[in-house]
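> Got a predicted structure here, sequence first:
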Amino acid sequence: MEANSSNFTLSTVLNTEDPYSSIMLAVAALFAVFCYFWIQGKAKSKNGPPLPPGPWPLPIVGNLPFLNSDILHTQFQALTQKHGPLMKIHLGSKLAIVISSPDMAREVLKTHDVTFANHDLPEVGKINTYGGEDILWSPYGTHWRRLRKLCVMKMFTTPTLEASYTTRREETRQTVVYMSEMARDGSPVNLGEQIFLSIFNVVTRMMWGATVEGEERTSLGNELKTLISDISDIEGIQNYSDFFPMFARFDFQGLVKKMKVHVKKLDLLFDRVMESHVKMVGKKSEEEEDFLQYLIRVKDDDEKAPLSLTHVKSLLMDMVLGGVDTSVNASEFAMAEIVSRPEVFEKIRQELDQVVGKDSIVEESHLPKLPYLQAVMKETLRLHPTLPLLVPHRNSETSVVAGYTVPKDSKIFINVWAIHRDPKHWDEPNEFKPERFLENSLDFNGGDFKYLPFGSGRRICAAINMAERLVLFNIASLLHSFDWKAPKGQKFEVEEKFGLVLKLKSPLVAIPVPRLSDPKLYTA
Ligand code: HEM
């Protein structure tokens, strides 16, 4: 048969009448083949154990064309059924390893913990953390240890948290007051926005004493929530610059550019705060100082690892970006699960009425006496882990894990979302059943590798006790003070939107109905 113009043949592609384009295509094809063999050669272990199994990669792009960044966690879960709980994936020129069982998680987070105790710094992470020298992205070593020690020994200790209770109480009361005002005329409330304001204010007041109040509470609050959420969304997008580092400077998806615009806004805020705090050094006693004053005072104390003002600023960024977004989304998921399940809501109400009573308000000291509510928080983080793939780790050395070679600098995804829904380890894994946590002794400390909402090992979340207080106190107060009704014609839904941080697909909007008898319980 004669070739006609609609036929898609090699000669039409090569366009034999245009020798220049033929040569270019031939060079591109050769380059592709070269890259393919180079990646394969680089990925193969030399005389050592084989690489982990995984789907067959295409030249150059690897498995990228088959991955959908909106459902990466479920795609990884499905691929694991075929290739096993230690699986390799080629992301362009980058080798990724996906971990999907408690045993494999133990291998990387415990057995080989030092080697795997780095986070894989993405291109956009360099922008929002001033070069990645913050606590989240710094590689395991002296500088990271110094930052972590400052946080863990100053900001997140039990005495500091106890001392800052007034802050959390005031902010939560403000939220209850705002909601009772909305309740007066039956207005719906965007719960995520209000929880955001409360948690944002708590974190920033603990760090530098600032707060958002009055009219600003709605306007600036929404703006900051959107800003922080946009930054975390950009962090969640698969950036081709990370998979083809040699082209990173072209920033083809424009993500670095977008990140710079967002970060500039937060940076201006931080600069103002830093300036005022530098002026205040020495003017307050050590007991009175906030975390930022403390950091500025001690930053040069350790000769081996002195900190610059930029390091200090990057820590603020970590707390605001890492601490606020995670706690808000965890609280939103918990509220969404509770209000959409009358039987769960009823049990919580009974527990609250028994422990707190209807003529009092919730205090943080009540929290240890609320086992069912604690179980609800644990079950929420099992079903909807806030960081479904943790923060991707990176190994600093080539290692042999479970008989397979994991080459140095691989990107390690720990699919906590899949581990938390593995039927080998959980009964009815897709059901929301808080009771399971009344029957087991699982906690947030990462000792049991089937439950890792805060990670495990050296890079485990630096603020678990603070996160637990923030989430529990917030939701306990909202559930004790109000009944929650869906706006007319709507029903509550708990659908997930995947990203670095797991979010509700649609915002949780509900109408508060006060349930306590004394109006004084709705004042600040
Ligand atoms: C429910 C709320 C939270 C959840 C679920 C959560 C979870 C996590 C997870 C999974 C990691 C990474 C672990 C890994 O990659 O192995 C992490 C790291 C971290 N989190 Fe949290 N977090 C929460 C709240 C907070 C808060 C409130 C703060 C501070 C204000 C905070 C500060 C940090 C820091 C600084 C790191 C980095 C630790 C390091 O790399 O050494 N987190 N968190």
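It's in. Residues are numbered from 1 along each chain as shown.
> The chain: strands as residue ranges?
86-91, 94-99, 118-119, 189-190, 393-394, 399-401, 404-406, 411-414, 482-485, 496-497, 503-504, 509-514 (DSSP state E).
> Which residues of the stretch 101-250 of the chain lie near the ligand?
119, 135-136, 148, 203 (Cβ under 6 Å from any ligand atom). The C-beta positions use only the backbone N, C-alpha and C, and glycine is treated the same way.
> Now a ChimeraX select for only the buried ones of the residues you listed.
Selecting only the buried entries of these in ChimeraX, with 16 or more other Cβ atoms under 10 Å as the criterion:
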select :119,135,136,148,203
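> can you put the residues of the stretch 101-250 of the chain next to the ligand in CSV and add pLDDT?
Listed next are these as CSV, based on pLDDT from 0 to 100:
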residue, pLDDT
His119, 97
Ile135, 94
Leu136, 95
Arg148, 94
Val203, 89
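> surely Val501 meets Asn329?
Yes - counting by Cβ atoms under 8 Å, Asn329 is a contact partner of Val501 at 5.7 Å.
> of these two, who's got more company?
Set Val501 next to Asn329 and count neighbours by other Cβ atoms under 10 Å: Asn329 wins out with 25 against 22.
> residue contacts, Glu133?
Residues in contact with Glu133 (Cβ atoms under 8 Å, 6 or more residues apart in numbering) are 143, 310-311, 314.
> Let's see which of those residues end up in helices.
Counting by DSSP state H, those place 143, 310-311, 314 in helices.
> Which two of the contacts of Glu133 have the greatest separation?
Greatest spatial distance in the contacts of Glu133: His143 and Thr310, 12.4 Å, computed using Cβ to Cβ.
> Please verify my assumption that Ile414 contacts Pro388.
No - in this structure, Ile414 is not within contact of Pro388 by Cβ under 8 Å, at 9.5 Å.
> How about the residues of the stretch 401-524 of the chain by the ligand?
Residues of the stretch 401-524 of the chain lying near the ligand by Cβ under 6 Å from any ligand atom: 453-455, 459-463, 466-467, 470-471.
> OK, now which residue of the stretch 201-350 of the chain is nearest to the ligand?
Proximity of the stretch 201-350 of the chain to the ligand (Cβ to the nearest ligand atom) peaks at Gly323, 2.5 Å away.
> what sits against that residue?
199, 203, 463, 466-467.
> tell me which of the residues you listed is nearest to Lys358?
Taking those together and measuring to Lys358 by Cβ to Cβ, the closest member is Ile199, at 26.1 Å.
> In this structure that closest one contacts Ser327, no?
Yes - proximity of Ile199 to Ser327 meets the contact threshold set by Cβ under 8 Å, at 5.1 Å.
> List the buried residues for stretch 261-268?
Buried residues in stretch 261-268 (16+ other Cβ under 10 Å): 262-263, 266-267.
> circling back: overlap in contacts, Ile199 and Ser327.
Common contact partners of Ile199 and Ser327 (Cβ under 8 Å, 6+ apart): Leu470.
> Could you list the residues of the stretch 251-400 of the chain in contact with the ligand?
Within reach of the ligand by Cβ under 6 Å from any ligand atom, the stretch 251-400 of the chain has these residues: 318-319, 322-323, 326-327, 330, 386-387, 390-391.
> Compile the contacts of Gly323 into JSON lines and extend it with columns for distance to Asp427.
Output for the contacts of Gly323, formatted as JSON lines (distance: Cβ to Cβ, whole Å):
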{"residue": "Ile199", "distance to Asp427": "33"}
{"residue": "Val203", "distance to Asp427": "36"}
{"residue": "Ala463", "distance to Asp427": "31"}
{"residue": "Met466", "distance to Asp427": "31"}
{"residue": "Ala467", "distance to Asp427": "27"}
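> Out of the residues of the stretch 251-400 of the chain next to the ligand, which sit inside helices?
Counting by DSSP H, the part of those found in helices is 318, 326-327, 330.
> of all these, which comes closest to Lys283?
Among those, Asp318 lies closest to Lys283 (Cβ to Cβ), at 26.1 Å.
> still on that earlier bit, which of the residues of the stretch 251-400 of the chain next to the ligand count as buried?
For these, a burial check counting by 16+ other Cβ under 10 Å picks out 318-319, 322-323, 326-327, 330, 386-387, 390-391.
> which ones are touching the residue nearest to Pro388 when sequence neighbours are not counted?
Nearest residue to Pro388 in three dimensions, chain neighbours excluded: Trp417, at 3.8 Å (Cβ to Cβ, 6 or more residues apart in numbering). Going by Cβ under 8 Å, 6+ apart, Trp417 touches 73-74, 77, 385, 388-389, 502.
> Out of these, which is nearest to Tyr165?
Of the contacts of Trp417, the one sitting nearest to Tyr165 (Cβ to Cβ) turns out to be Pro385, at 27.4 Å.
> does that closest one really touch Tyr451, like I thought?
No - contact criterion Cβ under 8 Å: Pro385 and Tyr451 do not qualify, at 9.3 Å.
> any shared contact partners between those two?
His420.
> burial of the residue nearest to Phe345 when sequence neighbours are not counted, as a residue count?
Using Cβ to Cβ, 6+ apart and skipping the chain neighbours, the partner closest in space to Phe345 is Ile338 (5.3 Å). For Ile338, the count of nearby residues is 25 (other Cβ under 10 Å).
> Tell me the confidence at the residue nearest to Pro388?
Per-residue pLDDT puts Trp417 at 98.
> same thing with Met155?
83.
> Also Ile97?
Note on Ile97: pLDDT of 98.
> got it, and Ser69?
87.
> Leaving out chain neighbours, which residue sits closest to it?
In space, Ser69 comes closest to Gln238 once its chain neighbours are excluded; the distance is 4.2 Å by Cβ to Cβ, 6+ apart.
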